[in-house]
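Q: Any chance you can model this:
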Amino acid sequence: MGMFGRAICGAKAGAVAAAGVALSFFVLDLIQFQPLATAGALSGAAFGPTAGVELDLASVSGVIAGLATAFRIATFTVVHFLMFSLVGISASLIFDWRQPVGLRPVLVVAALCAAAFSGTIAMSGSVVALEYLGPSALIAASFLAGVLLCGYLRLAAMPEPEETPTD
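A: The predicted structure follows:
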């Protein structure tokens, strides 16, 4: 597989990891009966609050606040997937995934994911997201992303089994 093919595979692996992390936080939010709480908090930290307007579908300002929140969450989701795709591309080019890999690539990818998250938050100028998640959730999400991303890259690099005729 050439460099371009590896990069495409890495972007796909990043998308799988991004979906896994987003789904895990969504499930944790559902357990707490606050769907999209993490996505709302992180998008608010990255793009700024909605100026204190509450979501109230009976008023025009409430509808506008709801649309602004939905737009922020959608934008944050796109940035989330792009950052994980960049991490996946980097990981696909750094390591040779055709050989069995140990824990080292998972830890390197987890560190890349944590650095990408921290860098994104640092560019926004807000540390609210780091305070909201906390270090344990950041480490757990980064490790989950590392496992998903490395697992996808390893499976994608494995050769296809040859078909053997059965008589």
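Q: switch to C-alpha atoms for all contacts and neighbour counts from now on
A: Fine.
Q: From the chain's centroid, how far away is the host helix or strand of Leu133?
A: For Leu133, the host element (DSSP states H and E) is helix 128-157. Between the centre of helix 128-157 and the centre of its chain there are 7 Å (Cα atoms, centre = their mean, to the nearest Å).
Q: got the angle between the longest helix anywhere in the chain and helix 128-157?
A: The helix spanning the most residues in the chain, taking DSSP state H as the definition, is helix 60-94. With axes from the mean of the first three to the mean of the last three Cα atoms, to 10 degrees as the criterion, the two stretches helix 60-94 and helix 128-157 enclose an angle of 40 degrees.
Q: What helices and strands are in contact with helix 60-94?
A: Applying 3 or more Cα pairs under 8 Å, 6 or more residues apart in numbering; DSSP states H and E, one finds that helix 60-94 makes contact with helix 3-31, helix 37-47, helix 104-124.
Q: Adding mean neighbour count, write those out as a markdown table.
A: Formatted as a markdown table, the entries for the helices and strands packed on helix 60-94 read as follows, by neighbours: other Cα atoms under 10 Å:
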| stretch | mean neighbour count |
| --- | --- |
| helix 3-31 | 19 |
| helix 37-47 | 20 |
| helix 104-124 | 18 |
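Q: Of those, give the one that comes closest to Val147.
A: Of all the helices and strands packed on helix 60-94, the one in closest proximity to Val147, counting by Cα to Cα, is helix 104-124 (5.8 Å).
Q: got the CA coordinates for that closest one in CSV?
A: Only the C-alpha atoms of helix 104-124 are listed here, as CSV (Å, rounded to 0.1, in the frame of the first residue of the first chain):
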residue,chain,number,x,y,z
ARG,A,104,3.6,1.1,22.4
PRO,A,105,1.7,2.3,19.3
VAL,A,106,-1.5,2.5,21.4
LEU,A,107,0.2,4.7,23.9
VAL,A,108,1.7,6.9,21.2
VAL,A,109,-1.6,7.3,19.5
ALA,A,110,-3.3,8.0,22.9
ALA,A,111,-0.7,10.7,23.5
LEU,A,112,-1.3,12.1,20.1
CYS,A,113,-5.1,12.2,20.8
ALA,A,114,-4.6,13.9,24.1
ALA,A,115,-2.2,16.4,22.5
ALA,A,116,-4.7,17.1,19.7
PHE,A,117,-7.5,17.7,22.2
SER,A,118,-5.3,19.9,24.3
GLY,A,119,-4.1,21.8,21.2
THR,A,120,-7.6,22.4,20.0
ILE,A,121,-8.7,23.7,23.3
ALA,A,122,-5.6,25.8,23.6
MET,A,123,-6.3,27.4,20.2
SER,A,124,-9.7,28.3,21.5
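Q: Many thanks, I have nothing further to ask.
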